[in-house]
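*Asks:* I need the structure of the sequence given here:
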Amino acid sequence: MANMARRHPSEEHRLIESLKPLVNAGSNPHYLLGIGDDAAIRACAGEKLILTADSQIEGTHFSLDYMSIPEVGYRAMAVNLSDCAAMGAKPDGAVVQVVFPKTLETPNASIRKLYRGILRACRRWDFPIVGGDIAGGPCWMIAVTLLGALVGEAKPRTRKGALAGDGLWVTGRPGESAAGRAALVKWGRCGISRRFRGHAARHVTPQPRLELGRALAGDHRVHTMIDVSDGISKECRTLAFENSLAILLDAGAFPLTPSLKALAAELSIDPCDWFLHGGEDYELLFAASPDYVPAKGAEVAVTMIGRFVAGKPKVVLSDHRSGTRAVPNAGWDHARKRLPASQ
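*Replies:* Residues are numbered from 1 along each chain as shown. Predicted structure coming up:
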């Protein structure tokens, strides 16, 4: 009865949960994991394949006011690759659906530019486009379905498996993308000062952590993993809910760079809001046992920002300035009418 009463804190995830009985991927025993995680998993002749899909919609996920069409193409593929990274998989092939604005004077040329960006990601991570569809519509919409494979004996890292006492770790520097988006909206691509351009680049051209994701999936001390697309706060709520644990975040451990703090001060924004609620970071958030130690000399920094503790699923922030408080229900939630708190 207790499980029946559990209610996911995210409206979007509650919608997905309501669709599960209709979709019923469990009717095919080859699918080891269906909807509700970063990707589905299918057993196939001794190996495991993952399937994931994501979309980018003009005006919701990107703006051509400060992005080029090739950059939009690259970004559309990169966000799907981040889901692949969260499962510890290697990309194998993709199907791309493109809707272009009917108002374009030269749609063929624009679509070729879009594909140049898409193929930039494909070449970098060595996988092909194997199909797709093109149609006219009200605005740019790019949807990608990605097939990946778990290499060798690697086991996928899903959203479940965290234990009380585990550390909560994150790759890279979440908040950089939200900071870049804020700077782009404020000053435009050409008006951003040199010291803030790196933040804009993190928003325009995200870097999915594919190699690091496979390394983490191969480490027995790593228990669960999720990609940070909707914001640290929302991903933490999901991990707390899925594992029936509380998460205690340490604000003093957040990897906030001096340039991020300077930009936040210039825009009168709390940099922790970008870190917690900004979203579109495409980093990896994972639980690891207390004896986990990141590899020395790694190209991508990994930071412990909190820990899992026994208790009712919730996310709490410990801050030496203001004590301990609950983290608000913010971050990207497409099933909610209102925008994220950082917008």
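
*Asks:* Going by C-alpha atoms from here, please, whenever you check contacts or count neighbours.
*Replies:* Will do.

*Asks:* Next, count neighbours for L64.
*Replies:* By other CA atoms under 10 Å, the residues close to L64 number 12.

*Asks:* Renumber starting at 312 from here on
*Replies:* Let's use 312 as the start, then, which means that last one is L375.

*Asks:* can I assume A576 sits in a strand?
*Replies:* No: per DSSP: H, G, I helix; E, B strand; the rest coil, A576 lies outside any strand segment and is helix.

*Asks:* Can you pull up the most central residue in the chain?
*Replies:* Nearest to the geometric centre of the chain sits S540, at 2.6 Å (CA atoms, centre = their mean).

*Asks:* From A598, how far off is G476?
*Replies:* 9 Å (CA to CA, to the nearest Å).

*Asks:* Same drill for these two, tell me which one is more crowded.
*Replies:* In terms of neighbours (other CA under 10 Å), A598 is the more surrounded of G476 and A598; the figures are 30 against 15.

*Asks:* in the sheet, who's paired with that one?
*Replies:* Taking DSSP bridges as the rule, A598 bridges to L479, T535.

*Asks:* Spit out the contact partners of it.
*Replies:* A473, D477, G478, L479, W480, V533, H534, T535, M536, F619 (CA atoms under 8 Å, 6 or more residues apart in numbering).

*Asks:* I'd like those residues as JSON lines, with pLDDT and distance to D602 appended.
*Replies:* Below are the contacts of A598 laid out as JSON lines (pLDDT from 0 to 100; distance: CA to CA, whole Å):
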{"residue": "A473", "pLDDT": "98", "distance to D602": "14"}
{"residue": "D477", "pLDDT": "98", "distance to D602": "9"}
{"residue": "G478", "pLDDT": "98", "distance to D602": "9"}
{"residue": "L479", "pLDDT": "99", "distance to D602": "12"}
{"residue": "W480", "pLDDT": "99", "distance to D602": "13"}
{"residue": "V533", "pLDDT": "97", "distance to D602": "10"}
{"residue": "H534", "pLDDT": "97", "distance to D602": "12"}
{"residue": "T535", "pLDDT": "96", "distance to D602": "15"}
{"residue": "M536", "pLDDT": "97", "distance to D602": "17"}
{"residue": "F619", "pLDDT": "98", "distance to D602": "14"}
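
*Asks:* Name the nearest of those residues relative to H372.
*Replies:* M536 (23.4 Å; CA to CA).

*Asks:* what about the closest residue to the closest one other than its chain neighbours, how many neighbours?
*Replies:* Nearest non-adjacent residue to M536, counting by CA to CA, 6 or more residues apart in numbering: F597, 4.2 Å away. Neighbourhood size, F597 [other CA under 10 Å]: 28.

*Asks:* Just confirm F597 contacts T535, I think it does.
*Replies:* Yes: contact criterion CA atoms under 8 Å: F597 and T535 qualify, at 5.5 Å.

*Asks:* Now do the SS call for the closest residue to E487 other than its chain neighbours.
*Replies:* What sits nearest to E487 in space, not counting adjacent residues and going by CA to CA, 6+ apart, is H510, at 5.2 Å. The three-state assignment at H510 reads helix, by three-state DSSP.
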